[in-house]
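> Give me a 3D structure for the following:
(3 chains)
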Amino acid sequence: MSETSTTHSGQPSAGGRGPLRAPSFSLGRIWTLATSTFTQLVRMKTFYFLIVFALVVVAVGNLDLLYTAEQKLRVIKNTAFGAMSVFSWLFAIAATAMLLPRDLEDRTLYTILSKPVPRLEYLLGKLGGVMLTIAIALLAMQALFTGVLWVQEKIALADAYADMKAHSNFTEAEIQTRLRMVAEQGVSWGLLSALWAIFLKALVVTSFTLLISTFASSSLFTIIVGVIVFIIGHFHKMAVSYWSSALGEGALAKVFLKPVELIFPDLRLFNIVENIVGGQPVALTALAEMTGLSVLYAAVYTMIGLYLFIDKEF
Amino acid sequence: MKRRIRKTAGALAMLIVFGLVRTGWEAGLDRRLTETGLLTPPPTLKLADQIGYQAFFAVLGGLRPLVAFYTTLHAYDAWEYREWDTVERDYNIVNQLTPEDEDAWIIAAWHLHTNAAASFYINDALPQTMRETVLARDWVLKGAAKLEEGIRALPDSWKLHNELARVYGDKDKLADPCRAAEQYRLAMGCEGALEFVRRFYGYQLARCPGKEQEAYDYLKGLYDEAERHHSPSLIITVKDLETKLGIPPGQRIPDPYPPR
Amino acid sequence: MSDTAAVEVRNLTKVFALSLRKQYVVAVEDLSLTVNAGEVYGLIGPNGSGKSTTMKVVLGLMAPSKGTTKVFGIDSGDFRSRNAIGFLPENPYFYRHLTGEETLRFYGKLCGLRGRDLKERAAEMLALVDLEGAKDRRLAGYSKGMLQRIGLAQALIQRPRLVVLDEPTAGVDPIGSRKIRDLILKLKEDGISVFLCSHLLEQVQEVCDRVGIIAHGRMRREGRLHDLIAVEDQTEIVLEGASPELLARVRELVEKEGGGAVWRRSGHPRTTLERLFLDLVGTKENEGK
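Okay, the predicted model is just below:
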C-alpha cells in the first residue's frame, strides 16, 4: 500500500516533493511519541519530587537515634528505596491515567491518529514515555542517594575504625571483619538490582493502568480502578492462603478467589526489593526471570489494551 | 453497546487465559524467591490488628522496612517519655516486621532489660520490695525472652548470644554465670564472633560453681596462646583460680602486680 | 493514476447504538461524495447533520457501519491512507507544553520526516502561517487564531496531497479568517486537494470548487458551486444608494411593462449559497424527520 502512496506524485505539493512513505511499524514514531510524553511529564514539574526526595534522604542520614553504623546505613537505604518505590507507583498510575483521557479531551488524539500512526504505536509511545520518565527519575534518585550513602558509609567506617582502635585488644582481622560488615550495608552493585526490580514493577503497574485507560471514560476512573488493581495485586495471594486455611480448600474459596488470582497481577513478587536492599544477595537468574515475567505482563496488557483501543471510535 | 459487551468479555477472557499461563510460573518463582531469602512470606492478618490497616497495606506493598523504621521512631518517642508498654509493643512489631535486623533485636531487648528495668528500680514512688524484686526483674526477664526470640529467628548471630550472655552474667540482672557461659560458648561458635567473647566465656565459667578447673584450663590456654589475651581481667581471674585450685607456685603465671 | 479521487465516499452509513435496548441513531445514511484530486470541496450542513461523522470516517477515527471510504484509493481503515492527509480539527488543541516549532517537529517526525529535511520543513511551515516570531513560545500562550494557524502548519508538515479542514475559521477573527482563506487558495494553486467542512457559507462560496449540502445525515445536493447557485431564468440587479422612491418606480415599471417578468424580491443582497442552503435544510419541517 505504501508503494502506491509514494508513487503518487501527480500533483506538485507545497514543498515540491511527494508525501513520505509510512512503514507499517516504526520505532522512530514510537520514540517520537515517547519523548513527547516524556517532555509533557517533565514540563508538568514532576521532577520537583527529586528535591523532596533529596531532603528526606539527607535528613534521615543525619538522624541520630540509637543506631549502630550498619543500622544507620540500612535506614538510609530503606527510606530511599521506599521513597523511590512510592514515587514509581504513584507516577505509574497517576501519570498514565492522565495521558489518554487528556489527549482525547483536548482532541490532540485526532491530530495524532490522523497522521500515519498505527494505534499500537500510539499505545507503545505512551507506555514508553512514562517508563522513560520513571527510569530517568529513578536513576536521578539513585545517584542522589548513592552520594549520601557513600558519605555516610565513609563516616561510619572511620568511626568504627577509630572506635575499635581505641580498644587496643582487637586484632586487625577483627577490625577488618567489622569494617566489612559496615561496608556491606553501604554502596554496592546489589542496590542496582533493587532499582531494576522497582523499575520492573513500575512497568507492570504502568501497563495495566494504560490498559484501564483504553476503556475508561476519565482519568479519575482510571486512577481509582488502577489503585484497586494495585491493592488487590498485592493482597490476593495472602487472601487465598488465608481463606483456604480458614475455610479449608472449599469450593466457595475457589469459586471466589480463583478468578481474582487469574485476572489480577501478582505484584507481591516484586517485594524482593526490600530484601535486596537489606543485603540479601540476588542471583542474576532470579533477576532475569523477574524481567521476563514483567515484560510478558507489559506485552499482554498492551495487547489487550490494543484490542480495546483498535476500533475505539472518537 | 453490544460491541462494548463483546469487547469487555473478550478482554476478560484474554486476562484469564494469561492468568492460566502465568500462575504456575509465578507459584514456582514465588517458592524459589522465598527459598533464597529474597521474598518474605506474607504477613498474617493478626499483624493488621497490631499495626493498623494502612501500615498493613504498606507492608503488603513492599514497604516493610519503612513501616518498621516508622515504628522505631514511635518507640523512640515512647522511650523518651518512659512509656515502657508502648516501647515493648512497638518493638514487638519492629521485630516481627524485620526479624532479619539483628540490631533491632538487641535494641529492643536493651530497652526492656536495662532501660525499663532501671526505670522501675529507681522509681521512688513504688514500694521498694516491689520495684526491686518484682517489676525490675520482670523487665529483665522480658529482655532475656526478647533475645531468646531473636536467637530463634537468627540462630547464627554471635551478637545476640553475646547480649543474652551479658544479661545472664550481670549480677544486677539475672546473675546466672553458668547460663551466661553457655551463651558465650554458643556465640564463639558463630561466624564473625569477636575474640573477646572467648575470654568472657572463661570469666563466666570461672564463676560457675564446680567449673573452676575447666575454667582455669581454658583461660590458661588463652593466656599461653597470645599476648593480646593478657588483659587485666584475664590475669586477675586466672590468679584467682590459681589460689582457689591451689596451683603449685611454679606453674602459676607471673604476677603483674607483685606484692612489695 | 492521477485521476484517482482524493476522497471517495461510497454509500456511507454510520449508525450509533444508544443503549442495550436496540435504540439507534443514524448519523449518516447512504452518503456518497467524491473529492477530485486538486479540487476544493466544501461539505456544508447544520450542526448535527453528519458532517463531522463523515469526516471522522474519512480520517479513520471511526469505522463505517456500511459503505466504504477511500483516500487516494487506500481504504480509510488502513493507517497508511493518512500518509496523504493533513487534518486540522475544529478548535484544535495541541500539546500545550510544546512550543510552536516543537509542535511542528513532533508531527513531522510522526510522518517520518527527519534531520535537516524536518528542520527546513518546519521553518517553511512557520513562515507560511506567519508564526516565525512565536515559534519558541509554548502553545499554552497562543491565541485562538495562532492555534488555528499552527494547526494548519502541522496539517501540511508532511506535504500531504489532501488537506481536511473542520470549521477552519471557527472562533477566528476576520483578519485571521482571511489569512486562512488565502492559505486555502494557495493550497489549491499548488494542486493540493482540500476537503472542507463548514457552516460559514460565505467562506465556502469564496474558495470551493464544488460543494455538498448535507442535512440529517443525507446528501441533499452536490455539484459545482457555480451550477448549484445559478438560477437560469432569474436576473439580479444590484443598486447602490437607491432611494425607496426609485425602487417603487422600478417595481411599478416591471409590473406594468414587464411582459411576463415577475418582481420576486428586493432588499439587501444575501449570498446566494446561503439562500440555497436555507431552502434545503433550514426549514422547521425538516427537523422532525
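
> secondary structure element for A:Q176?
If you go by DSSP states H and E, A:Q176 is part of helix A:172-184.

> Which SSE is immediately downstream of that helix?
Using DSSP H and E, the helix or strand that follows helix A:172-184 in sequence is helix A:190-215.

> hmm, back to that, which elements pack onto the helix holding A:Q176?
Counting contacts by 3 or more C-beta pairs under 8 Å, 6 or more residues apart in numbering or on different chains; DSSP states H and E, helix A:172-184 packs against helix A:69-105, helix A:119-166. Bear in mind the C-beta positions are built from the backbone N, C-alpha and C, glycine included.

> Pick the most buried one from those.
Compared across the helices and strands packed on helix A:172-184, helix A:69-105 shows the largest average neighbour count, a mean of 22 (mean count of other C-beta atoms under 10 Å in any protein chain shown).

> so how far is that one from its chain's centroid?
Its chain's C-alpha centre and that of helix A:69-105 lie 8 Å apart, by C-alpha atoms, centre = their mean, to the nearest Å.

> residues in contact with the helix or strand following it?
Helices and strands here follow DSSP H and E; after helix A:69-105, the next one along the chain is helix A:108-113. Helix A:108-113 is contacted by residues A:33, A:100, A:102-103, A:119, A:122, A:314, C:59-61, C:82, C:87, C:89, C:92-95, C:107, C:110, C:151, C:154 when judged by C-beta atoms under 8 Å, 6 or more residues apart in numbering or on different chains.

> just the strands in the stretch 1-150 of chain C please.
Using DSSP state E, counting those that start in this stretch, the strands of the stretch 1-150 of chain C run over C:7-17, C:24-35, C:40-44, C:66-71, C:74-75, C:85-88.

> mind putting those in CSV, distance to A:V205 included?
Converted to CSV, these look like this (distance: least, C-beta to C-beta, whole Å):
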stretch, distance to A:V205
strand C:7-17, 34
strand C:24-35, 38
strand C:40-44, 45
strand C:66-71, 39
strand C:74-75, 37
strand C:85-88, 34
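
> of all those, which lies closest to chain A?
In terms of C-beta to the nearest C-beta, the element of the strands of the stretch 1-150 of chain C nearest to chain A is strand C:85-88, at 3.9 Å.

> about what we covered before: make TSV out of the strands of the stretch 1-150 of chain C and add mean pLDDT.
Formatted as TSV, the strands of the stretch 1-150 of chain C follow (pLDDT from 0 to 100):
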stretch	mean pLDDT
strand C:7-17	91
strand C:24-35	91
strand C:40-44	92
strand C:66-71	94
strand C:74-75	92
strand C:85-88	91
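
> Distance to chain B and mean neighbour count for those - can I get that in JSON lines?
Compiled in JSON lines, those are given as follows (distance: least, C-beta to the nearest C-beta, whole Å; neighbours: other C-beta atoms under 10 Å in any protein chain shown):
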{"stretch": "strand C:7-17", "distance to chain B": "5", "mean neighbour count": "19"}
{"stretch": "strand C:24-35", "distance to chain B": "10", "mean neighbour count": "19"}
{"stretch": "strand C:40-44", "distance to chain B": "27", "mean neighbour count": "27"}
{"stretch": "strand C:66-71", "distance to chain B": "15", "mean neighbour count": "20"}
{"stretch": "strand C:74-75", "distance to chain B": "20", "mean neighbour count": "17"}
{"stretch": "strand C:85-88", "distance to chain B": "25", "mean neighbour count": "27"}
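
> Now do the contacts for the residue nearest to C:V25 when sequence neighbours are not counted.
Excluding the flanking residues, the one nearest C:V25 by C-beta to C-beta, 6 or more residues apart in numbering or on different chains is C:F16, at 4.8 Å. Taking C-beta under 8 Å, 6+ apart, we find C:F16 in contact with C:24-25, C:27.

> Tally up the residues packed near B:A153, please.
For B:A153, the count of nearby residues is 16 (other C-beta atoms under 10 Å in any protein chain shown).

> Tell me who's in contact with it.
With contact set as C-beta under 8 Å, 6+ apart, B:A153 has these partners: B:95, B:99-100, B:105.

> In the helix or strand that B:A144 is a member of, which residues are buried?
Using DSSP H and E, B:A144 sits within helix B:136-153. Buried positions in helix B:136-153, judged by neighbour count with 16 or more other C-beta atoms under 10 Å in any protein chain shown: B:136-137, B:139-144, B:146-147, B:149-151, B:153.

> helices and strands of chain C: which one bottoms out on pLDDT?
helix C:284-287 (a mean of 44; mean pLDDT, DSSP states H and E).

> what's the longest helix in chain B?
helix B:2-35 (DSSP state H).

> Can you give me the buried ones in the helix or strand just after that one?
Counting by DSSP H and E, the element after helix B:2-35 in chain order, helix or strand, is helix B:45-51. By neighbour count on 16+ other C-beta under 10 Å, the buried set for helix B:45-51 is B:47-48, B:50-51.

> List the residues that contact C:V25.
Applying C-beta under 8 Å, 6+ apart, one finds that C:V25 lies in contact with C:15-16, C:18.

> what's the answer for C:E274, then?
Applying C-beta under 8 Å, 6+ apart, the residues near C:E274 are C:201-202.

> any idea which helix or strand carries it?
helix C:272-281.

> That helix to strand C:40-44, inter-axis angle?
Orientation check (axes from the mean of the first three to the mean of the last three C-alpha atoms, to 10 degrees): helix C:272-281 against strand C:40-44 gives 40 degrees.
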